[in-house]
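[1] The sequence and its predicted three-dimensional model are supplied below.
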Amino acid sequence: MTKIKICGLSRKCDIEAANALLPDYIGLVFFRKSKRYVSFEQAKELKTLLNTAIKAVGVFVDESVENIVKLLDHRVIDIVQLHGNEDEDYIKELRRFTDKPIIKAFCIKREEDVIKANESTADYVLLDAGMGSGNVFDWMLINKINRPYFLAGGLSLENAGKAIELLNPYALDVSSGVEKNGLKDKGKMAAFVDAIRKDEKYDE
């Protein structure tokens, strides 16, 4: 079954909605330039409210290893997602301090980007159109991906089913597609999750 990640949660009501829906992952964004940014203290409070069945993914952009390890050690996050220019040396350094899963995001614009994703030593890769762009990239570019991946970029209730049918990704990662006026919308979140699970139950 395709996993579900709802990224960019920043309010208590977002966590409450997630707890009711039980996606596999939620994302907490620690990039200060993002409108979905949360501080250490905000994230810590949100994590205490999160159902323990849901994994919290910390999303970072060229953050110091020290700061990421701090969040891991305090159990504010369970998984690391690298969304900047972090290279293999960076991942190797991070692994010196943690055995938690690492997701490395790749902006897919050409076939060479898929090759880099295939070669990454991260536990998972995330394929996106750009950092939080909310746009869909050309899915035909990833027909040679040979590892489990999170699919992101412009996903919504309207195209989630098609993404699963055509690509069979490990997980769908949605953010702006379940928002209204720039904030997470409980109704859209529920519709997105229900549509995916209903389709897959029907397929069985």
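    Nice, thanks for sending it over.

[2] For this protein, which residues score under the pLDDT cut-off?
    131-134, 199-204 (pLDDT under 70).

[3] show me where this protein has helices.
    12-21, 40-49, 65-73, 88-95, 111-119, 160-167, 186-203 (DSSP state H).

[4] what residues are up against the closest residue to M189 other than its chain neighbours?
    What sits nearest to M189 in space, not counting adjacent residues and going by CB to CB, 6 or more residues apart in numbering, is V178, at 4.6 Å. (Glycine included, C-beta is placed from N, CA and C.) Going by CB atoms under 8 Å, 6 or more residues apart in numbering, V178 touches 6, 156, 184-185, 188-189, 192.

[5] Quick one, which of those residues are buried?
    Those of the contacts of V178 that meet the buried threshold are 6, 156, 184-185, 188-189, 192, by 16 or more other CB atoms under 10 Å.

[6] Find the residue at the geometric middle of the protein.
    By CA atoms, centre = their mean, the mean C-alpha position of the chain lies nearest to D173, the distance being 4.9 Å.

[7] Look up the residues forming beta bridges with that one.
    On the basis of DSSP bridges, D173 is bridged to K5.

[8] That one and L72: what is the separation?
    20 Å (CB to CB, to the nearest Å).

[9] Same question for A56.
    Taking CB to CB, one finds A56 at 10 Å from L72.

[10] Name the residue in the two with the higher neighbour count.
    A56 (22 against 19; other CB atoms under 10 Å).

[11] List the contacts of that one.
    25-28, 43, 47, 50, 76-79.
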